[in-house]
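Novice: Quick one, what's the 3D model for this:
(4 chains)
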There are 2 protein chains.
Amino acid sequence: MTDAKPMRADARRNYERLLAEARRAFAERGVDASLEDIARNAGVGIGTLYRHFPAREDLVETLLRERFDTQAEKARELLVAEDPLEALYAWLIGFGETSAVYRGLTEMLADAFDDPESRLHASCDAMRDAASQLVDRAQAAGVFRTDVTVQELLLLLHGASWAGSHLPGTGGTERLMALVFTGLQTSEQRGQRAVSAPR
Amino acid sequence: MTDAKPMRADARRNYERLLAEARRAFAERGVDASLEDIARNAGVGIGTLYRHFPAREDLVETLLRERFDTQAEKARELLVAEDPLEALYAWLIGFGETSAVYRGLTEMLADAFDDPESRLHASCDAMRDAASQLVDRAQAAGVFRTDVTVQELLLLLHGASWAGSHLPGTGGTERLMALVFTGLQTSEQRGQRAVSAPR
DNA sequence: TACTATACGGAGGAACCCTCCGATTTGTCA
DNA sequence: TGACAAATCGGAGGGTTCCTCCGTATAGTA
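Specialist: Residues are numbered from 1 along each chain as shown, chains lettered A, B, ... in the order given. A predicted model of the protein is given here:
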């Protein structure tokens, strides 16, 4: 887990510059942004970019890892929350935001889920495991459908998050996710309370 | 609406060949398939492809138009079906299938929805208008939430369809769409009946 | 058959991907 | 401090795809 060797000063500097520039480019143009542009704007040769990040996925993964870890951590915290349903919902909203940071990320994440070789796969996996316990707890409490797998849940909410980001105005993502979530509670719960009131 | 002038025989022949090859390529490799490959495999020069279809979107649009028209037609038929909720659900399932024919179509369709200049936009619009009446009817009957717009509905189901296609095995799409649909019925309906029983 | 509108097809410039390797820089040790 | 080796840099270059432009070929017509 520890970095085997500390990077040389120039390497570290360029690494940081590339990350900063990639963050900007992906936010502006989506995850398909030109890598040559990123290298140029970071004031670095294209070779340098490829040495630090052999594949586009590595770049995305590095940028997302922090968020993924945060999500996994959040899941652990929410595991002791009072209300299992509220806890799961709160976590999913965060997940939705994470999965919509860059345009085009949706497809990339879904592919990473499918492909164990993918660089993003490991990060996704860790997050999914954390979420899994949250789901188990809600299901055990009888407030969440037991015929839905974690994978289905995440994929579906991911899709809802994506759909929301294509809606005009703000709040679309949370709204659509809430709508979907409603359908996933057990029938008794659905009638009795709303986890969140879509506007 | 009528074709202004009939195409020359060779033009028509190449046009058809390109469509057939594009259908194959998009199905195999998604909507990002190489246009030069398509032209080559159709036994036609790249220039010919671009004359018939100035943009990739034009090619996709031509292939999808038929499906879109079918969907719009189906909406009109279902308008007189006995059960408004069943009718809407049946239509949405068909919509989900249509929106998942080619890998990568999801993003393209969403962009077309947003951009009125897009070649796909007109086709989408016609379909949405047809769906709109189906939704109105279900809402008037008090069985479908009134705080959901047609755009939200289509985008959300489109997302569910996409999510389903990333699930292993078959039937994922219909299953996820059913889950989402459940959450969109009015509370009374949700408790009373299931439109379709997800496995 | 001859003529013209129509259609064909590929050369070519631009953007991007990714690899490879000679040049440069950093950190260290005497 | 100076010199050396390991680490790093950066861009030339080969490949792919996109799209345009225009000289050549062909279908349809009189």
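Novice: Can you mark which positions in stretch A:176-196 are buried?
Specialist: Of the residues in stretch A:176-196, A:176-186, A:189-190, A:195 count as buried by neighbour count, 16 or more other CB atoms under 10 Å in any protein chain shown. The C-beta positions use only the backbone N, C-alpha and C, and glycine is treated the same way.
Novice: same check, this time on stretch A:142-151
Specialist: Buried residues in stretch A:142-151, defined by neighbour count with 16+ other CB under 10 Å: A:143-145, A:148, A:151.
Novice: chain center to that stretch: distance?
Specialist: The gap between where stretch A:142-151 is centred and where its chain is centred comes out at 20 Å by CA atoms, centre = their mean, to the nearest Å.
Novice: first to last residue in it, what's the distance?
Specialist: Taking CA to CA, to the nearest Å, stretch A:142-151 runs 19 Å from one end to the other.
Novice: is it true that A:Arg41 touches A:Arg23?
Specialist: Not quite, residue A:41 is Asn, not Arg. No: at 11.5 Å, A:Asn41 does not count as touching A:Arg23 under the criterion of CB atoms under 8 Å.
Novice: circling back: filter the buried residues of stretch A:176-196 down to the ones near DNA strand D?
Specialist: The subset of those lying close to DNA strand D, counting by CB under 7 Å from any atom of the strand, is empty.
Novice: what two of these are the furthest from one another?
Specialist: Pairwise distances across the buried residues of stretch A:176-196 peak at 20.9 Å for A:Leu176 and A:Thr186 (criterion: CB to CB).
Novice: ok so, going back, tell me which of the buried residues of stretch A:142-151 is nearest to DNA strand C?
Specialist: Distances from DNA strand C to the buried residues of stretch A:142-151, taken as CB to the nearest atom of the strand, are shortest for A:Gln151 (27.4 Å).
Novice: For that closest one, what is the enclosing helix or strand?
Specialist: Secondary structure from DSSP states H and E places A:Gln151 in helix A:150-165.
Novice: contacting residues around A:Leu88?
Specialist: By CB atoms under 8 Å, 6 or more residues apart in numbering or on different chains, A:Leu88 lies in contact with A:78, A:134-135, A:137-138, A:144.
Novice: Oh, that last question was meant for A:Ala81, not what I typed.
Specialist: For A:Ala81, the contact set (CB under 8 Å, 6+ apart) comprises A:87, A:90.
Novice: any low-confidence regions in chain A?
Specialist: By pLDDT under 70, the weakly predicted segments of chain A are A:1-4, A:191-199.
Novice: how would you label the residue in chain A that chain B sits nearest to: helix, strand or coil?
Specialist: Residue of chain A nearest chain B, by CB to the nearest CB: A:Gly183 (2.6 Å). Secondary structure for A:Gly183, judged by DSSP: H, G, I helix; E, B strand; the rest coil, is helix.
Novice: wait, doesn't it sit right on B:Phe181?
Specialist: Yes: the pair A:Gly183 and B:Phe181 qualifies as a contact (CB under 8 Å) at a distance of 7.2 Å.
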